[in-house]
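# Build me a structure from this.
(chains A, B, C and D)
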Protein chains: 2
Amino acid sequence: MTEITTPREGAAPSVSGGSSAAMRVAVLDRDSGFIQVLSKRLDRAGWEHRVLASPVAAEAVLSMRLSALVVDLAVLGPQAWEWLERLCGALPELGIVVCTGPSTVAQRVRGLRLGADDWITKPCHPEEVIARVQSVARRRRRTASRSEAAPLVAGEVEVRSDRFQAFVGGASLDLTRREFELIELLAAADGRVLEREEIYSRLWGYTMVRGDRSVDVFVRKLRQKLEKASPRWRYIHTHFGIGYRFAAESLDAERDGGKVPDELPVGWGADAGERDAGDQREIARAQQERELAAKPV
Amino acid sequence: MTEITTPREGAAPSVSGGSSAAMRVAVLDRDSGFIQVLSKRLDRAGWEHRVLASPVAAEAVLSMRLSALVVDLAVLGPQAWEWLERLCGALPELGIVVCTGPSTVAQRVRGLRLGADDWITKPCHPEEVIARVQSVARRRRRTASRSEAAPLVAGEVEVRSDRFQAFVGGASLDLTRREFELIELLAAADGRVLEREEIYSRLWGYTMVRGDRSVDVFVRKLRQKLEKASPRWRYIHTHFGIGYRFAAESLDAERDGGKVPDELPVGWGADAGERDAGDQREIARAQQERELAAKPV
DNA sequence: TTACGATGTGAAAGAGATGTGACGATCGGC
DNA sequence: GCCGATCGTCACATCTCTTTCACATCGTAA
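Here you go, the predicted structure:
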């Protein structure tokens, strides 16, 4: 098992949501000496961090809710450039710091062009790594906060990222942080069904343990507030055995069930609700694969 | 001023990649060899650029509307750190790449902590400089940050940048420097929620450590003075787990909550480039005052 | 239909975050 | 050197949110 997670009991990931105080960093490297030294410094800095020994899928990285990823290209082998490009393309918001052995100017230029945010040459001082990661994260945060300019709208609800809040007819729903993150995630999925596990890992940043009801509870809280503010609409739909789907549906059903033009879930199977057991098994398997990818043995 | 402009009207933005718009870069350096080589490359890349031989004021930099600034700290002499800190504080949106001679880890860390986005050690290849500048600029969104033209008004309060003070009905709130900076920052955000982190880094210039309560304390001080001067209004709203939002809300709630369409500070979007010389001089003076106030010897 | 697991619901408690008052340190002016 | 102003930290009070639990309800498979 090549993974060292550092939850740091007290400094819990509890508040780590969004972009609060704590930094979350993943290090993709196999140089045990370097890892050890860096980990110690990261600990001292109070940053949450995990070490990965092999490349992971973009999706897995996404669910880690990282501030930045430090990577030694040597770990990736000949696939390095391809992997880097793919990751940068998939996660433009993620800060990526390459920290690898001696390289040519051409290599560094290539890496930076592909989307890396910084390139540090080993051997290097861990303090400098931290400073550069911080610099990258600082920049990333500045842009991220403004990029979400366009509010999401569905039915009577408007989700505004710049205010960390959702509105109905101009009135705030008074969502808490988690509630807002949830509605933002669901609304952004725009009609797709999101599995519980995915919701959980995207919001909490780590893998959901069996039996955890947090997602359900927050869905309920959201539903309550939505119902109160916009009684004639239904927004969050349960897909038994799978998860939830966000779509505005009017209850003023004059015709065909009151559904609203709200774009049909393209690609995601006509309707997850119509899935059979086979589907569910398939989903479970996919999830398992994903976790394996995230936690390489 | 020792300045050489190189507009190159028709230059093809061949490599300008990332953003389609042409890049604007300034180089603050005196190493003629380096400048010459770099300029050639910048030309070839189709980037607009200018060379500066001596430090300039933040406002002057602002008016250049740069994507990034490349600077050799050697030019700045012993004032380097101070200058860097001031510039980063004043123009958080500007990409700053330090490109200077041999340095210690501690120096690099310090520079990055103060707000530099990257640090390149000379001698270096111009192509790498370009790649790193591009990487930095990729993360940048808009350079235009401050145009201190119109006073900000919300509810009964008027924030006047030119006087470093806020007023209610013509009476000064007697804000201290930090208090003023805070209310200015909040008011300028105009309704957006600002995270503690962001507030801290914009006001103090460096990253907030976990558990720091400075922001809260100054919010309280501001609230006290606002409350005293304008009791029938609420201005600073807490967003639990996130930060604060500035918006004038009347307590004389006759209707829908007493909210007020708090008038938009017209002219805020006004482009710095469209200002006349008089304005700029005024701004420069104000900035100078601020700097003097900020760094009392 | 029945049994079982998944989901909905309400409440309570604990963990954290924020509000608040006061204190000591620092700095500039006198 | 003394004094006032400002700043940043601390301890304590208060409040909100999160999480967990127990139980009700619902959907699915046997």
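
# Please confirm that A:I120 is located within a helix.
No - according to DSSP: H, G, I helix; E, B strand; the rest coil, A:I120 belongs to no helix; its state is strand.

# Do you know the pLDDT at it?
pLDDT recorded at A:I120 is 97.

# cool, A:R220 as well?
In this prediction, A:R220 carries a pLDDT score of 97.

# go on, A:D174?
94.

# In contact with the closest residue to it other than its chain neighbours, which residues are there?
Nearest residue to A:D174, sequence neighbours excluded (C-beta to C-beta, 6 or more residues apart in numbering or on different chains): A:K225, at 7.0 Å. Where C-beta positions appear, they are placed from N, C-alpha and C, glycine not excepted. Neighbouring residues of A:K225 by C-beta atoms under 8 Å, 6 or more residues apart in numbering or on different chains: A:L173, A:D174, A:L175, A:E179.

# Could I have the buried ones of these as ChimeraX selection syntax?
Buried residues within the contacts of A:K225, by 16 or more other C-beta atoms under 10 Å in any protein chain shown, are selected in ChimeraX with:
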select /A:173,175,179
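
# What ranges does chain A have for its strands?
Ranges of strands in chain A, per DSSP state E, are A:4-5, A:24-28, A:48-52, A:68-71, A:95-100, A:118-121, A:152-154, A:157-160, A:165-168, A:171-172, A:193-195, A:233-239, A:243-250.

# Report the angle between the longest one and strand A:233-239.
For strand A:243-250 against strand A:233-239, the angle by axes from the mean of the first three to the mean of the last three C-alpha atoms, to 10 degrees is 150 degrees.

# can you tell me how far the closest residue to A:A58 other than its chain neighbours sits from B:M208?
In this structure, A:A58 finds its nearest non-sequential neighbour in A:A90, 3.7 Å apart by C-beta to C-beta, 6+ apart. Going from A:A90 to B:M208 by C-beta to C-beta, to the nearest Å gives 30 Å.

# Equivalent analysis for A:C99, please.
25 Å.

# Please identify which of these two sits among more neighbours.
Neighbours of A:C99 and B:M208, each counted by other C-beta atoms under 10 Å in any protein chain shown, are more numerous for A:C99; the result is 25 against 18.

# Identify the residues contacting the closest residue in space to that one that isn't next to it in sequence.
Of all residues beyond its chain neighbours, the one nearest A:C99 is A:I120 (4.4 Å), with distances taken as C-beta to C-beta, 6+ apart. Counting by C-beta under 8 Å, 6+ apart, A:I120 touches A:V97, A:V98, A:C99, A:T100, A:E128, A:V129, A:R132.

# Make JSON lines out of the residues you listed and add pLDDT and distance to DNA strand C.
Formatted as JSON lines, the contacts of A:I120 follow (pLDDT from 0 to 100; distance: C-beta to the nearest atom of the strand, whole Å):
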{"residue": "A:V97", "pLDDT": "96", "distance to DNA strand C": "26"}
{"residue": "A:V98", "pLDDT": "97", "distance to DNA strand C": "32"}
{"residue": "A:C99", "pLDDT": "96", "distance to DNA strand C": "30"}
{"residue": "A:T100", "pLDDT": "96", "distance to DNA strand C": "35"}
{"residue": "A:E128", "pLDDT": "95", "distance to DNA strand C": "28"}
{"residue": "A:V129", "pLDDT": "96", "distance to DNA strand C": "26"}
{"residue": "A:R132", "pLDDT": "95", "distance to DNA strand C": "26"}
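
# Flag every residue of the stretch 101-250 of chain A that's near DNA strand D.
A:174, A:176-179, A:204, A:212-214, A:217-218, A:240-241 (C-beta under 7 Å from any atom of the strand).
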